[in-house]
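**Q** I'll drop the sequence and a predicted model, then ask my questions.
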Amino acid sequence: MKTVVFSLVFVLAGFTALAQDTSDLIAVGDVMSINVPENGSFAHVHFPRKNLIIKRGGIADMKRVHGNKVVVTGIKTISNGNTMVTLKRKDGRKFFKFLPSVKADLENALAKGELKMPNSSNEDEIARR
């Protein structure tokens, strides 16, 4: 009986250690900025394809989102351990004149430089936490 309880405690401790806590990384209401990568296409900030932007009447110029301040409105940890955040523009306008919010893979977007926290000097250090 003691071994069953002892092994159960270890299993629960293992799951607790694997649980990812993103509260120290980012919180709802934090302000970030969007930076355009060198190749001009985003891999971890999920903007729609250019043809969909044009069909909706927007201007498909990714340089227009460079430097935009965005506010984190939602945080969700998905099954593979990555953190997905929902972002809205701080000034209240829409992305490409039709898209009110976008989703982004937080850790990868910070590591690749697509998102930047204005008060941080080293994004790679934040992404590794």
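**A** Sure, I can see it. Numbers count the residues shown, from 1 in each chain.
**Q** mind listing what the residue lying closest to Val28 once chain neighbours are set aside touches?
**A** Excluding the flanking residues, the one nearest Val28 by CB to CB, 6 or more residues apart in numbering is Val72, at 5.6 Å. In short, each C-beta sits where N, CA and C put it, glycine included. Val72 is in contact with Ile26, Ala27, Val28, Gly29, Asp30, Val31, Met32, Val85, Thr86, Leu87, counting by CB atoms under 8 Å, 6 or more residues apart in numbering.
**Q** Just the buried ones among these, please.
**A** Neighbour-count burial (16 or more other CB atoms under 10 Å) applied to the contacts of Val72 gives Ile26, Met32, Val85, Thr86, Leu87.
**Q** got JSON lines for those, with distance to Met1 too?
**A** Formatted as JSON lines, these follow (distance: CB to CB, whole Å):
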{"residue": "Ile26", "distance to Met1": "44"}
{"residue": "Met32", "distance to Met1": "52"}
{"residue": "Val85", "distance to Met1": "45"}
{"residue": "Thr86", "distance to Met1": "47"}
{"residue": "Leu87", "distance to Met1": "51"}
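**Q** sorry, back to before: which element is the residue nearest to Val28 on?
**A** With elements taken from DSSP states H and E, the one containing Val72 is strand 69-77.
**Q** Would you mark the buried spots in the helix or strand containing Leu52?
**A** Using DSSP H and E, Leu52 sits in helix 50-55. Of the residues in helix 50-55, those buried under the neighbour-count criterion (16+ other CB under 10 Å) are Ile53.
**Q** How about stretch 73-84?
**A** Residues of stretch 73-84 classed as buried under the neighbour-count rule (16+ other CB under 10 Å) are Ile75, Thr83.
**Q** And it, end to end?
**A** End-to-end distance for stretch 73-84, by CA to CA, to the nearest Å: 11 Å.
**Q** again, but for stretch 92-102
**A** Between the start and the finish of stretch 92-102 there is a gap of 13 Å, counting by CA to CA.
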